[in-house]
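1. Next input, structure requested:
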Amino acid sequence: MQLDNTVSAVVTGGASGLGAATARMLAAEGVKVALFDRSVEEGQKVAEEIGGLFVQVDVTSQESVEAGFETARAVHGAERILVNCAGIAPVAKTTSRGAHHPMDMFEKVIAVNLVGSFRCVTLSSTSMAELEPVNGDGARGVIVSTASVAAFDGQVGQVAYAASKAGIAGMTLPVARDLAKSGIRVMTIAPGIFETPMLLGLSEDVQASLGQQVPFPSRLGKAAEYAKLVKSICENDMLNGETIRLDGAIRMAPR
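-> Have a look, this model is predicted:
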């Protein structure tokens, strides 16, 4: 798919981190971008910077997501690109010091990361399927979701997060197969250790230590590098139904 001003996109979690970098990249290509996020101040700031649209959306709410898409489409037209970056990553062990894993925490992580992503996928693809194809192959749209290397190398305390991200990786192929006849491609990116707001809040020594765990390049990944992969996925029509690790060859240790 060619990225230009005839295309509109929705980026969830677009107020910061990977989502904000993706929004900036798409806008730089001329794409009309709508940012979905719960953070109003940060979301509006990014939207103003790129000339996009911010919509306050809670991906755990069907009504909120439906209203978000309705608002975005009224301004930019129906989206042909959806990038799911919204997510949370709390930490808790399965059991620790006589206490079980808080079930409300587990359910919330699944609700935000996995169910929230699929909610956006099914609502967006239903709209995309009604659009006219943009090329001779019948392409109508592209959906990119965000997993994590934790989907495959989950560490101590990451059971909820790893389960949610493994679910995203696991649904990639069947959703791609579901949407193939509609000309909608579906991909997932599984980032390694990246410069997200959570990691950037750590000390420089800790960040450097984490970066040294990456075989090459031995540093934290940059949000712009995630965005570059999104761009490649959008532009390369043969990328479909796959989860790509973007991790500098890291394989996470148990701790």
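2. Who are the contact partners of the residue nearest in space to the middle of the chain?
-> Note on the chain: the residue nearest the mean C-alpha position is C85, at 2.5 Å, using CA atoms, centre = their mean. The contact partners of C85, taken as CB atoms under 8 Å, 6 or more residues apart in numbering, are V11, T12, G13, G14, G17, L18, G19, T22, T146. Quick note: C-beta positions are derived from backbone N, CA and C, even for glycine.
3. and the gap between it and D4?
-> Using CB to CB, to the nearest Å, C85 is found at 22 Å from D4.
4. So what does the residue nearest to the centre of the chain look like in phi/psi?
-> phi -120, psi -10 (degrees, to the nearest 10).
5. Repeat that for L53.
-> phi -120, psi 130.
6. does the nearest residue to M1 once chain neighbours are set aside sit in a helix, a strand or a coil?
-> In this structure, M1 finds its nearest non-sequential neighbour in C234, 5.3 Å apart by CB to CB, 6 or more residues apart in numbering. Counting by DSSP: H, G, I helix; E, B strand; the rest coil, the backbone at C234 sits in helix.
7. and C234, what is it in contact with?
-> With CB under 8 Å, 6+ apart, C234 has these contacts: M1, L3, I81, V142, V144.
8. same thing with K165?
-> K165 neighbours (CB under 8 Å, 6+ apart): N113, L114, A147, S148, A150, A151, A190.
9. Repeat the analysis, applying 6 Å as the threshold.
-> A147, S148, A150, A151 (CB atoms under 6 Å, 6 or more residues apart in numbering).
10. For it, pull up the helix or strand it's in.
-> Using DSSP states H and E, K165 sits in helix 159-179.
11. what do you get for F69?
-> Going by DSSP H and E, F69 is part of helix 62-76.
12. mind listing what's buried in that helix?
-> S64, V65, G68, F69, T71, A72, H76 (16 or more other CB atoms under 10 Å).
13. okay if I get those as a markdown table plus distance to A47 and pLDDT?
-> Output for those, formatted as a markdown table (distance: CB to CB, whole Å; pLDDT from 0 to 100):
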| residue | distance to A47 | pLDDT |
| --- | --- | --- |
| S64 | 17 | 98 |
| V65 | 18 | 98 |
| G68 | 13 | 98 |
| F69 | 16 | 98 |
| T71 | 12 | 98 |
| A72 | 11 | 98 |
| H76 | 12 | 98 |
